[in-house]
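Enquirer: Next one to model:
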Amino acid sequence: MISRSRTKSSRTEPGPAMRVDSRPKRIRAWYLAALLALPGTVALVGPAEAHAQFSVSPVILPIPASNEATDAIVMVRNDGESPLQLRVFAADFDQKPDGGHETSPAGTHDRSCADRLEVVPDGLSVPAGVSQPVLIRIHPGADSDDTCWSLVFIESPPPQGGGYRAGLRIGVKVYGLAAGGSESGEIRTAAVADSDAAAKTRTLRFTVANLEAWPILARGTVEVRDFDGGSRTTVPVESFSVLPDHERQVEVDLDADLAPGRYLAIPVLEYGADGLMGAQVAFRVR
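Expert: Residues are numbered from 1 along each chain as shown. Model prediction:
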């Protein structure tokens, strides 16, 4: 175990996890680019491709808290050959432990930005090949000390006519980042289990908790070592996100061909500007 460092206080905690927390004064560029990305979703009315072709940039808007209203702009581009009539509206989303997302009407959950979020306009008429802006404004509020999160959907309705039709919906994730917030995470539980005894494959399962006010995006590696200190394999861990006050369950397949004996699985993850978290899990190959 490693005591907490680079924090306001020093503290040692029990358990299998090790954590080095950070209090960055800036948000790393890759964090802004990839944080909790929600891909465009197609609202299908039948098994057909989406008829409307448009794009939205950016799809992530982390907006720092301020004493005044803070504006951000999303550009909507019509990539098709016909004019588009688009609907713009706010909604909520939340994250499941497995990383999946749930959407709901605006104001549904207690960390929604709904009472602070303003979106202008609520509809767009976009000629072919043209880009138009959508203004997203976060107002200060009584809950500005907590990060809020919501969605802004840009949606094209299904076309008129018979047969199967589909509309395209793209979600922009909006975060009202807490004033004086930071990023901090830890691995709380970790274990290695046999995935397929016949194929001799094993899976490391661990839970990452977000301990602070800002969302985190983590990525890293899992190293498998023997008890003599020799490295057997290193497996990359793809980027994954965790919302504030949430936990995320992560699975990593360990595909090493290991002889009978005792081994260590060591996940080490980085997040934010310079945050690190990790754990050490012993397992046996019989």
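Enquirer: what lines up beside the helix or strand that contains residue 204 in the sheet?
Expert: Per DSSP states H and E, residue 204 falls inside strand 201-210. Here strand 201-210 has these sheet partners by DSSP bridges: strand 185-196 (antiparallel), strand 247-254 (antiparallel).
Enquirer: quick one: the nearest residue to residue 67 once chain neighbours are set aside and residue 115, what's the gap?
Expert: Among residues not flanking residue 67 along the chain, residue 140 sits closest, at 5.7 Å (CB to CB, 6 or more residues apart in numbering). Where C-beta positions appear, they are placed from N, C-alpha and C, glycine not excepted. Look at residue 140 and residue 115: by CB to CB, to the nearest Å, they are 11 Å apart.
Enquirer: Residue 108 belongs to a strand?
Expert: No - counting by DSSP: H, G, I helix; E, B strand; the rest coil, residue 108 falls outside a strand, being coil.
Enquirer: what's it in contact with, if anything?
Expert: For residue 108, the residues meeting the contact criterion (CB atoms under 8 Å, 6 or more residues apart in numbering) are residue 92.
Enquirer: Residue 255 now?
Expert: With CB under 8 Å, 6+ apart as the criterion, the residues that contact residue 255 are 201, 233, 235.
Enquirer: Just the CA coordinates for stretch 188-197, please, in CSV.
Expert: Written as CSV, here are the backbone C-alpha positions of stretch 188-197 (Å, rounded to 0.1, in the frame of the first residue of the first chain):
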residue,chain,number,x,y,z
ARG,A,188,-10.6,-0.6,-4.6
THR,A,189,-11.0,-4.3,-5.4
ALA,A,190,-9.0,-6.6,-7.7
ALA,A,191,-8.9,-10.4,-8.4
VAL,A,192,-7.8,-12.8,-11.1
ALA,A,193,-10.2,-15.5,-12.1
ASP,A,194,-10.0,-18.4,-14.7
SER,A,195,-12.0,-17.4,-17.8
ASP,A,196,-11.6,-20.7,-19.6
ALA,A,197,-9.9,-23.6,-17.8
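Enquirer: Please enumerate the strands of the stretch 51-200 of the chain.
Expert: Secondary structure of the stretch 51-200 of the chain by DSSP state E, counting those that start in this stretch: the strands cover 54-57, 60-64, 70-78, 84-95, 101-105, 117-120, 123-126, 131-138, 148-155, 166-177, 185-196.
Enquirer: Of residue 140 and residue 115, which one has the most company?
Expert: Between residue 140 and residue 115, counted using other CB atoms under 10 Å, residue 140 has the larger neighbour count: 15 against 12.
Enquirer: Isn't that one up against residue 64?
Expert: No - contact between residue 140 and residue 64 fails when scored by CB atoms under 8 Å: they sit 11.3 Å apart.
Enquirer: what is the rounded mean pLDDT of the strand holding residue 204?
Expert: Summarised as a single mean, pLDDT over strand 201-210 is 94.
Enquirer: And that strand, what's buried?
Expert: Of the residues in strand 201-210, those buried under the neighbour-count criterion (16 or more other CB atoms under 10 Å) are 202-204, 206-210.
Enquirer: As JSON lines, those with distance to residue 221 would be great.
Expert: Conversion of these to JSON lines gives the following (distance: CB to CB, whole Å):
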{"residue": "202", "distance to residue 221": "16"}
{"residue": "203", "distance to residue 221": "16"}
{"residue": "204", "distance to residue 221": "11"}
{"residue": "206", "distance to residue 221": "13"}
{"residue": "207", "distance to residue 221": "18"}
{"residue": "208", "distance to residue 221": "14"}
{"residue": "209", "distance to residue 221": "20"}
{"residue": "210", "distance to residue 221": "20"}
